[in-house]
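Undergrad: Turn this into a model:
(one chain, ligands or ions: 1)
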Amino acid sequence: MPRIAFLGPPGTFTEQATRALTADFDAELVPSDTVPLALEAVRSEDVLAAGVPMENSVEGAVSATLDGLVAGEPLTAVAETVLPIRFHVLVRPGTSSEQVGSVISHPHALAQVRSWLGRYLPRAEVLTASSTAAAASAVQAGNADAAVAAPVAVDHYPDLEALATDIADVGDAQTRFLLVRRPGVLPQPTGADRTSIAVVAHDEVGALAEVLSELSLRGINLSRIESRPTKDRLGEYRFFFDFDGHVADARIGDALTGLRRRCGEVRFLGSYPKSDRSPPSVRPMASEQAFQMSTEWLAEVRAGRLA
Ligand SMILES: O=C(O)C(=O)Cc1ccccc1
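TA: This is a model prediction of the structure:
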């Protein structure tokens, strides 16, 4: 049975997402304490794949995932899922709000309940944990008084009780998770796919605008752009792009070859079905037929049959 890592310990949102991402096959889910460790387990072939959080509708990208995807041997995403996110505040039994001197969670969870904490636990010291379930574990061990955790954490930490349930500063918050593998297996195009890449553009006037134009000229719909320092030099950035389409699509392949010519580094981070299965709207000039027609036309010109 394949082993699949997830950001653990058990009871995280990422565990729920990883279960959804592996629902179609038998898998043994194994917790990793951090995102870099989960990705390292994939690279070292200790596990087949890892489920990791990618971005949140309130707090944005999970930097540890972006950085971990490009630091080391190549990895590619093969699937995504989106979970609605609401939190419980878990305490040791009998703890009242007045007795909460410290509250702990993953930074992304804390960011999503900042107003709630300011209102209901204004005097609590805020501590960070490597995941929401690690936070629950810290409360159980007596190292903090309250954890902001996933509702499912209650099942894993039955000694804790909920001081508050279903809290979130912004209703309908969502987090997108990826299933990441070593390269080799490319998911088949479905007609509603997403492609992720990371590029380092040359340090030149207009470099980012030119990178974007490689996409826009081919009618490619960008769904996310993120920048992270390359960590090599102050002021040098790596740009992460998500866009509609599969690397097997002509317009995506064409854009990637353009980017490869233009950029110092291009990392392909995967083509995989979009969780909402929404097909892209492709302009006529960017359709498969248009690319095929223009390639055939060029072949005719080169063969001297057309002028
Ligand atoms: O998966 C978890 O439980 C995490 O700690 C990461 C996280 C934090 C907040 C929202 C979604 C995922």
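Undergrad: near the ligand, which residues of the stretch 151-300 of the chain?
TA: Selection of the stretch 151-300 of the chain residues close to the ligand by Cβ under 6 Å from any ligand atom yields residue 175. For every residue, glycine as well, the C-beta is placed using N, CA and C.
Undergrad: contacting residues for the closest residue to the ligand within the stretch 151-300 of the chain?
TA: Residue of the stretch 151-300 of the chain nearest the ligand, by Cβ to the nearest ligand atom: residue 175 (4.1 Å). By Cβ atoms under 8 Å, 6 or more residues apart in numbering, the residues touching residue 175 are 13, 17, 53, 54, 55, 56, 57, 82, 83, 85, 108.
Undergrad: got a list of what the residue nearest the centre of the chain touches?
TA: Nearest residue to the geometric centre of the chain (Cα atoms, centre = their mean): residue 54, 1.7 Å. Contacts for residue 54 (Cβ under 8 Å, 6+ apart) come out as 61, 62, 65, 80, 175, 176, 177, 178.
Undergrad: Residue 178 is in contact with the third one, correct?
TA: Which is residue 65. Yes: assessed by Cβ atoms under 8 Å, residue 65 is found in contact with residue 178 at 7.5 Å.
Undergrad: Point out the residues in the stretch 1-150 of the chain that sit beside the ligand.
TA: 7, 12-14, 53, 56, 85, 106, 108-109, 131-133, 150.
Undergrad: can those go into CSV with extra columns for neighbour count, secondary structure and pLDDT?
TA: What follows is these, written out as CSV (neighbours: other Cβ atoms under 10 Å; DSSP: H, G, I helix; E, B strand; the rest coil; pLDDT from 0 to 100):
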residue, neighbour count, secondary structure, pLDDT
7, 31, strand, 97
12, 29, coil, 98
13, 29, helix, 98
14, 30, helix, 98
53, 25, strand, 97
56, 19, strand, 94
85, 23, coil, 95
106, 26, coil, 97
108, 24, helix, 94
109, 26, helix, 96
131, 30, coil, 97
132, 31, helix, 97
133, 28, helix, 98
150, 28, coil, 97
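Undergrad: State the pair within those residues that is farthest apart.
TA: Using Cβ to Cβ, the pair of these lying farthest apart is 56 and 133, separated by 16.8 Å.
Undergrad: And residue 208, how far from residue 222?
TA: Per Cβ to Cβ, to the nearest Å, residue 208 is found 12 Å from residue 222.
Undergrad: whoops, I mixed them up, residue 116
TA: Plainly put, residue 116 is 33 Å away from residue 222 if you go by Cβ to Cβ.
Undergrad: now residue 182
TA: Counting by Cβ to Cβ - residue 182 and residue 222 are separated by 27 Å.
Undergrad: neighbour count winner among the two?
TA: Neighbours were counted for residue 182 and for residue 222 using other Cβ atoms under 10 Å; residue 182 has more, 15 against 12.
Undergrad: ok, that one - contacts?
TA: Listed by Cβ under 8 Å, 6+ apart, the contact set of residue 182 reads 42, 43, 45, 73, 74, 75, 76.
Undergrad: hmm, try it at 10 Å
TA: Shown in contact with residue 182 (Cβ atoms under 10 Å, 6 or more residues apart in numbering): 42, 43, 44, 45, 48, 49, 73, 74, 75, 76.
Undergrad: Could you tell me the per-residue confidence at it?
TA: At residue 182, the pLDDT value in this model is 98.
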